[in-house]
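Peer 1: Structure, please.
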Amino acid sequence: MTPAINLLKKAKVAFQVLQFEHDPNDHDFANEAAKKLNLDREKVFKTLLIDVDGKLYVAVSPATQQVDLKAFAKACKGKKAQLADQQNAQKVTGYLIGGISPFAQKKQLPTLLHESALAFEQIYVSAGKRGVEVVVSPATIKQLCKAKIALF
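Peer 2: Predicted coordinates:
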């Protein structure tokens, strides 16, 4: 169990756990999950930590797209955004890169969920470990992560 799965259980929300054998040589984590679990790529979302003017935010974004950092900064009412340092992202969330879940991070950070998620009943996000995904509704992410919906 991961902290993310434990939180989902405790919250008594609908979710499903999917697992696959992670290839340590594959660093395109979300697309590896889509391929190995035969998932609709449009429904696979990645969790990124983004530094906006020195403050960390969580982006839950489609794995098929690059985050528009200018749009992300604007959505956070900031000026400049950049991907957070990987070691810092791991330290702050308590999860390894490639396994960062939007749920049950060490410290709850402001979270933005890409508005395209609302087109789906359920999406796939990391469960907090490489090779483990959870199927959840966008509403669950919005509720448990206090996520703001944005286009970025």
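
Peer 1: What residues are recorded as beta-bridge partners of the residue nearest the centre of the chain?
Peer 2: Here the mean C-alpha position of the chain is nearest to the C-alpha of T47 (CA atoms, centre = their mean), at a distance of 2.4 Å. Beta-bridge pairing of T47 under DSSP bridges involves V60.

Peer 1: now swap in K129 and tell me
Peer 2: Residues in beta-bridge contact with K129 (DSSP bridges): V132.

Peer 1: Which parts of the lowest-mean-pLDDT helix or strand in the chain count as buried, going by neighbours?
Peer 2: Of all helical and strand segments in the chain, the minimum by mean pLDDT, DSSP states H and E falls on helix 29-36, at a mean of 93. Neighbour counts over helix 29-36 (16 or more other CB atoms under 10 Å) mark F29, A30, N31, E32, A33, A34, K36 as buried. The way it works is simple: take the backbone N, C-alpha and C, and place the C-beta from them, glycine included.

Peer 1: of the residues you listed, closest to A81?
Peer 2: Lowest distance from A81 to those (CB to CB) belongs to A30, with 19.6 Å.

Peer 1: Please name every helix or strand in contact with the least confident helix or strand of the chain.
Peer 2: strand 45-52, strand 123-129 (3 or more CB pairs under 8 Å, 6 or more residues apart in numbering; DSSP states H and E).

Peer 1: Run the angle between that helix and strand 123-129 for me.
Peer 2: 110 degrees (axes from the mean of the first three to the mean of the last three CA atoms, to 10 degrees).

Peer 1: Now tell me what touches helix 29-36 from outside.
Peer 2: Contacting residues not belonging to helix 29-36 are listed as 18, 20-23, 26, 39-41, 44-46, 63, 97-99, 124, 126, 130-131, 133 [CB atoms under 8 Å, 6 or more residues apart in numbering].

Peer 1: I figured K142 hits V136, correct?
Peer 2: No - at 10.3 Å, K142 and V136 do not qualify as touching, with contact defined as CB atoms under 8 Å.
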